[in-house]
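1. Make a model of this:
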Amino acid sequence: IEARDVAASSVKNNIHTGFFTDEVYKDNTFDLICCFQTLDHLSNPLDILKTCYNKLKPGGIIYIIVHNVDGLQAKIFGEKSPIIDVEHIYLFNPNTLSLAVEKVGFKTVKTFPVKNSYPMEYWTSHAPLPFKEQFNSIFKTLGLNKMRMSLSLGNMGIVAIKK
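-> Below you'll find the predicted structure:
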């Protein structure tokens, strides 16, 4: 189901499904563009950043969240980290993400770690650890498997402004 299919009629025509290309919207259209967990999957992230820059009004803001290659989980798990795979074409850290947005003309306002909140069973099932089934079984027996835990393990955000 596409978001557009279930959206209220008052906003339905404002929802575009498909890729965010230069032809989709006029330049200087938006005040804010959000890009969550996408930039690191693109073969040329600078192209989409440039498109975002063009589509933002002067003083417009881009808000991006991606994985942090220098994050705790990447340091702990190294090559076994979930971000080291064929789907993540580019890996960023706070410095390289700032450099990327600045290369297309943005001014970095802030980079920051992002916390994720998931049940314990999610954290243990996604961690490349031995005995994860045993951990999940123990957590379930203790009634802790659904307990949510917020951790800043490896995502980061950036806010940048169009100069």
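2. CA atoms for contacts and neighbours, from now on please.
-> OK.
3. Counting by contacts, list what the worst-scoring helix or strand of the chain on mean pLDDT packs against.
-> Least confident helix or strand, the chain: helix 120-126 with a mean of 79, by mean pLDDT, DSSP states H and E. With contacts defined as 3 or more CA pairs under 8 Å, 6 or more residues apart in numbering; DSSP states H and E, the packing partners of helix 120-126 are helix 132-141.
4. What are the buried residues along the least confident helix or strand of the chain?
-> Residues Met120, Glu121, Trp123, Thr124 are the ones in helix 120-126 that count as buried (16 or more other CA atoms under 10 Å).
5. cool, and stretch 147-160?
-> For stretch 147-160, by 16+ other CA under 10 Å, it's Leu153, Gly154, Asn155, Met156, Gly157, Ile158, Val159, Ala160.
6. The fourth one touches Thr111, doesn't it?
-> The reference is to Met156. Yes - applying CA atoms under 8 Å, one finds Met156 in contact with Thr111, separated by 7.1 Å.
7. overlap in contacts of the two?
-> Both Met156 and Thr111 are in contact with Pro94, where contact means CA atoms under 8 Å, 6 or more residues apart in numbering.
8. what's in contact with stretch 50-63?
-> Under CA under 8 Å, 6+ apart, the answer for stretch 50-63 is 21-22, 25-36, 104-106, 157-163.
9. Buried ones among those residues?
-> Neighbour-count burial (16+ other CA under 10 Å) is assigned, among those, to Phe30, Val104, Gly105, Phe106, Gly157, Ile158, Val159, Ala160, Ile161, Lys162.
10. tell me the secondary structure for the fifth one?
-> Think Gly157. Here Gly157 is recorded as strand under DSSP: H, G, I helix; E, B strand; the rest coil.
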